[in-house]
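>>> quick one, structure for this:
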Amino acid sequence: MAQLLFRVGRWSFLNKWKVIVAWVLLVAAAGGATLALMKPMTSEYSIKGTPAIDATYRAMELFPESGNPANAPSVNLVFQAPEGQKLSDPANYVAVQEVVDYINTHLNLEPQQRWGNPLDVSPEIQRQVIDQFTSMGLPAETARQDADNLAMVNKDETVAYTTFDFDAESPYSVDPADKDVVTQAMELGRSKGLTVEAGGAGFGDEIAINSTSEIIGLAVAFLVLIFTFGSLVSAGMPLISAVVGVGLGAMGVMIATHWVELNDLTPVLAVMIGLAVGIDYALFIMSRYRQERSRMDGPDAAGMAVGTAGSSVVFAGATVFIALFALIIARIGFLTAMGLAAAGTVAMAVLVALTLVPAVLGLAGDKAFAGRVPGVAGNPTRAQTRVGKRHRQRTTLGNRWVRLVHRVPALIMAGVVLSLGALAAPVLHMELALPADTTSNPDTTQRRAADLLSAGFGPGVNGPFLVIVNGQDVNPDSAALAPLVNSQPEGSPQDKATLASFLYATDKLKQVGGVKHAQLVGLNSEGTAAQIMVTPTTAPTDATTVGTATALRAANAEIADATGVEVGMTGLTAVQLDITERLEAAMGPYLAVVVGLAIVLLLVVFRSIMVPLVAGLGFLLSVAAAFGVTVAVWQDGLTGLVSAPGPLISFMPIFLIGVTFGLAMDYQVFLVTRMREHYIRHPQGTGNQYTPVDESTIIGFTKGARVVTAAAIIMIAVFVAFINQPLPFIQIFGFALAAGILFDAFFIRMSLVPATMFLMGRATWWMPRWLDRLLPTLDIEGTALEEEWEARHPEPAGKV
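Next comes the predicted model:
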C-alpha cells in the first residue's frame, strides 16, 4: 500500500492543477446537487422494532381516532394560584378563563376532552367517569378513585392543568406561530397574577444550531498549527483540507435527504467529527513532508509523506470508519444514520488528505512553509537572525518527557491506571434517559411546568404508561376471568369475557410495585380493545421507573397467559425506556466488535501481541474515565457548571465509544509506527546506552510526540467549542469527547504506552511465528518504500 500511496502523492504534487480543479469541480457539483435534491430534515428520531413502538402501532390500529399515543403534539398548560389564594377564587377563575379563551380564539382548536378551564372541565370529567364505570358494574369506590386520578385540579385548588393537541402531525411539525400564541396566553395569565407554565411534547424548544462552534474550532486549530509548523502558510493548509472534506461530507448528507429522511442533528455530528479528523490527517502528512523535504525534492517528499504518514492515515481513518459504521449494531434508526453520515465524512477527509494536501504543497512549492514566525517551532528569533547567530536546536519537550518515563516507567504506569481508575468511579451510578420536560433546564417553562405538575399531582403524572389490551382472542373459559364473567348479568359469553379481561388486567396492574394507580380510560368503538392508563409513583427519568416498567411488562405477560388477550405497553415514557434499554444491551456487543476488530488490525500492522492488547485496554481505561468525568459534571452536578444536572442522554455512551475509539487508534498508529519504524531498521540498536526497544521507543516518540500533541489539542479544541451549542446532547457529547481525547492522547498514548514498552522490553515486539506467518503483511511504516528510495538515491561518498 505504501508504494501505491507514494505514487498517488507524487502524482498529485506534480499534477497539482488537475487535482485542485477536480476537487473544486466536485465541490461545485455537490453544491448544485444539494440545492437541487435536498429536502427538509426532520427533528424526529427514527426508531422501529421495540416492544413499545410495536404496541404504539397496534394502538393506532385499534384506536385510529386517537392517533399516535407516543407522538402526539400535546401541550400541558399548568396554572398556580398566588400564594395564600385558590384558583377557584373569582379573580383567579376569570384569569384562567381568559388564558383559555385567548388560545381558543387564535388557534381555533377542535373540541378536546381535557381542554378548557380545568376548574370546569375537571369536575365534569370526574362525574362522567363515575357514571360510566358504575354503569359497567364497577364498585362506586373504584370509580371514585379512577375519577380522582384523572383530576385536573389538586385537592387544595392551588395547582391545575389542562391539555390539548396542536393541529399538527407530530411534535416536530408544530407551527412556531402556534407556540407563540401559547406563550402570549401565558403572559396574559401572568399579568393577572397567576403562575402559568407550559410543557409537553408539542411545546418543546426549537432545535437551534450555533455556527460559532466551527469558527472557534478552526481559529484554535490555526493557532496550534502555527506553533506546530512555525509558518502562517503551512498553518492554513490543513484548514483548507478539512473544510473541503467536511463540506463535501455535509453536502453528501444533505443530498441523501432526497431519498432518506434524516434527523437534523445528523450533519452537526458529521461536521464535528469530520472537522477534527480532517485537520489531523492533513497535519500528519504535512509534518512528514516537512521532515522529508530536508533530504528529498518536492515530488519525492510529497510521495514519501503520503506513502508513510498517508498509510497511517488510511489505517486510522479505517478504524474510525469501522467504529462509526458498526453503530448499525444498535438497530436504532437515527443513531445508525448519524454513524453512517460521520463515517462518510471521515472517508472523505482521508481522500482529501491523500490527494489535495500534496497538490496544495505542489502549488505552494518552496513557499509551503513561508511566513515563518520567529522563535516558534525551531525558527530563530529576530535578534538571532539580525546578528547572524546560528539557532541551536534544543531538546524537545517530547524527548524530555519520554526520557522521564524511561527513568520511572512503573511509577508512570501506576499513576495513569490509578488516576484514570479513580476518575472512572462515577460510571458505577450512571443513569441514562432521553430528553424530557423533567430533565430540561430549571429556567425553562417546560421544566417549571413539570415541577408544578409533580408538586400538585405526584411525579408520575409527567410520564404515565398506556397499556393496550386487545380482547379479540380472549379465552371465554379462562379460570382467571370466571368470577368477573359470572358477575355480569347480561351479554354474550364472548362479550362478557372481553369486558372481564379489561377489568382483570386493570386490577392486576394496580398491584404492581411502583404503580400509583391503573384505570380504564377508553374502549374502542367495537368494544374489543381497551386502554389502561398506569400512573407510576415516580418521575419518567427516575431509576425506580425503569423497575416499574419491567414489572409491568412481566404483569402484562401474566395477564396474556391467563386470559388469552394481547397486551402491549406504550406511551412516551415506555418508548423512551425501551430505547434506553436497547442501547444499553447493544453497548457490550458493540464494544466487543469494535475493540476486537481493532486489536486484530493492530496485530496485522505491528506484528505484536502486547502492543494491541495495551492499546485496547488503555482505550477502555480512558473511555471509562471520560464517562466518569461526564457523569460527575453533567449528572451529579460536580463543579456547579451545569444548571440542570440529570441523567445522560441514552445514546451518548455508545456513540462516544465509537468515536473515541476510532480517534484513539489514530494516535496509537501515528505514534507507535514511528517507534516500530526505527526498531525494524535498527533491530540491534545503534550502539548507545539504550536497549534496542528502549532506543526505538525514545526516538519514535520524539519524532511523533509533537505532531500527536498538536493533533490532540486541535481535536480537544474542536470538541470543546461544541459545548457552546444550545442542545444538551451536543454539549454533553462535545464535553465527553474532549475528555476522552485528553485522557487517551496524554495519559494512555503518551504515558502508559511508552511506560509499558520500557517495562516489557523485547516482549513488546514478540509474536509467535505461526501467527506471524498466518497474518497478512502490511507495511504501514513504509520501511520497504524508504529502503527502495534510499537504494535509488545513495548518500554521496564521504558524507556523514
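
>>> and the most centrally placed residue in the chain, what does it touch?
By Cα atoms, centre = their mean, the mean C-alpha position of the chain lies nearest to residue 652, the distance being 3.8 Å. By Cβ atoms under 8 Å, 6 or more residues apart in numbering, the contact list for residue 652 reads 432, 630, 729, 732, 733, 736. (C-beta placed from N, C-alpha, C; glycine too.)

>>> domain-wise, how is this structure divided?
4-40+214-377, 72-206, 396-426+589-783 (automatic domain parsing).

>>> what about the shortest one, distance to the chain center?
When C-alpha coordinates are averaged (Cα atoms, centre = their mean, to the nearest Å), domain 72-206 and its chain have centres 35 Å apart.

>>> lowest average confidence, helix or strand, in the chain?
The helix or strand of the chain with the poorest confidence is helix 382-387; it has a mean of 56 (mean pLDDT, DSSP states H and E).

>>> show me which residues of whatever helix or strand residue 255 lives in are buried.
Here residue 255 sits within helix 232-256, counting by DSSP states H and E. Within helix 232-256, the residues scored as buried using 16 or more other Cβ atoms under 10 Å are 234-239, 241-256.

>>> centre of the chain versus stretch 718-730, how much separation?
That offset, for stretch 718-730, works out to 11 Å (Cα atoms, centre = their mean).

>>> go through it and flag the buried ones.
Buried, per 16+ other Cβ under 10 Å, within stretch 718-730: 718, 719, 720, 721, 722, 725, 727, 728, 729, 730.

>>> end to end, how far does it reach?
For stretch 718-730, the first-to-last residue distance is 12 Å (Cα to Cα, to the nearest Å).

>>> stretch 4-22 too?
Using Cα to Cα, first and last residues of stretch 4-22 are 20 Å apart.

>>> ok, stretch 771-789 next?
End-to-end for stretch 771-789, by Cα to Cα: 30 Å.

>>> got a list of contacts for that stretch?
Outside stretch 771-789, the residues that reach it (Cβ under 8 Å, 6+ apart) are 1-3, 6, 296, 300, 304, 307-308, 311-312, 315, 603-605, 607, 609, 669, 673-674, 676-677, 680-681.

>>> just stretch 552-560 next, same as before
51, 465, 467, 469, 501, 504-505, 508-509, 511-512, 515, 534, 565-569.

>>> try it again at 10 Å.
Here stretch 552-560 makes contact (Cβ atoms under 10 Å, 6 or more residues apart in numbering) with 51-52, 55, 465, 467-470, 473, 480, 501, 504-515, 518, 532, 534, 536, 565-569, 574, 577-578.

>>> mind listing which of the residues you listed are in strands?
465, 467-470, 515, 518, 532, 534, 536, 566-569 (DSSP state E).

>>> and for residue 25, the neighbour number?
10 (other Cβ atoms under 10 Å).

>>> ok, now the one 10 residues further on?
Residue neighbour count, defined by other Cβ under 10 Å, stands at 11 for residue 35.

>>> wait, doesn't it sit right on residue 29?
No - at 11.0 Å, residue 35 does not count as touching residue 29 under the criterion of Cβ atoms under 10 Å.

>>> quick one on the thing from earlier: the helix holding residue 255 - contacts with which helices or strands?
helix 16-37, helix 212-229, helix 266-292, helix 333-364, helix 692-721 (3 or more Cβ pairs under 10 Å, 6 or more residues apart in numbering; DSSP states H and E).

>>> report the angle between it and helix 692-721.
60 degrees (axes from the mean of the first three to the mean of the last three Cα atoms, to 10 degrees).

>>> please compute how far helix 232-256 lies from its chain's middle.
For helix 232-256 - counting by Cα atoms, centre = their mean - the centre lies 22 Å from the chain centre.

>>> what about the strands in the stretch 701-800 of the chain?
Remark: strands of the stretch 701-800 of the chain are absent; assignment by DSSP state E, counting those that start in this stretch.

>>> for it, which spans come out with low pLDDT?
779-783, 795-800 (pLDDT under 70).

>>> quick one: the helices in it?
For the stretch 701-800 of the chain, applying DSSP state H, counting those that start in this stretch gives helices covering 728-742, 753-760, 769-774, 783-792.

>>> ok, now which ones touch residue 696?
Counted by Cβ under 10 Å, 6+ apart, residue 696 has contacts 674-683, 685-686, 690, 757, 764-765.

>>> could you do residue 367 as well?
So residue 367 contacts 231, 233, 234 (Cβ under 10 Å, 6+ apart).

>>> list the contacts of the last one.
The reference is to residue 234. 225-226, 228, 283, 286-287, 289-290, 360-361, 364, 367-372, 377.

>>> which among these end up buried?
By 16+ other Cβ under 10 Å, the contacts of residue 234 give 225-226, 228, 283, 286-287, 289-290, 360-361, 364, 368-369, 372, 377 as buried.

>>> give me the lowest-pLDDT entry from the residues you listed.
pLDDT across the buried ones among the contacts of residue 234 is lowest for residue 377, at 60.

>>> so which residues of the stretch 401-550 of the chain form helices?
Counting by DSSP H, counting those that start in this stretch, the helices of the stretch 401-550 of the chain are 409-424, 445-457, 482-486, 493-510, 543-563.

>>> typed the wrong thing, it's the stretch 1-150 of the chain
Under DSSP H, counting those that start in this stretch, the stretch 1-150 of the chain gives helices at 2-14, 16-37, 51-62, 90-107, 118-135, 140-149.

>>> got the buried residues for the fourth one?
Residues of helix 90-107 classed as buried under the neighbour-count rule (16+ other Cβ under 10 Å) are 92, 93, 95, 96, 98, 99, 100, 102, 103, 107.

>>> what do you get for the longest one?
By neighbour count with 16+ other Cβ under 10 Å, helix 16-37 contains the buried residues 16, 19, 20, 23, 30, 34.

>>> between those, which is nearest residue 345?
residue 30 (12.4 Å; Cβ to Cβ).

>>> what sits against residue 717?
Residue 717 neighbours (Cβ under 10 Å, 6+ apart): 216, 217, 218, 219, 220, 221, 223, 224, 276, 279, 738, 741.
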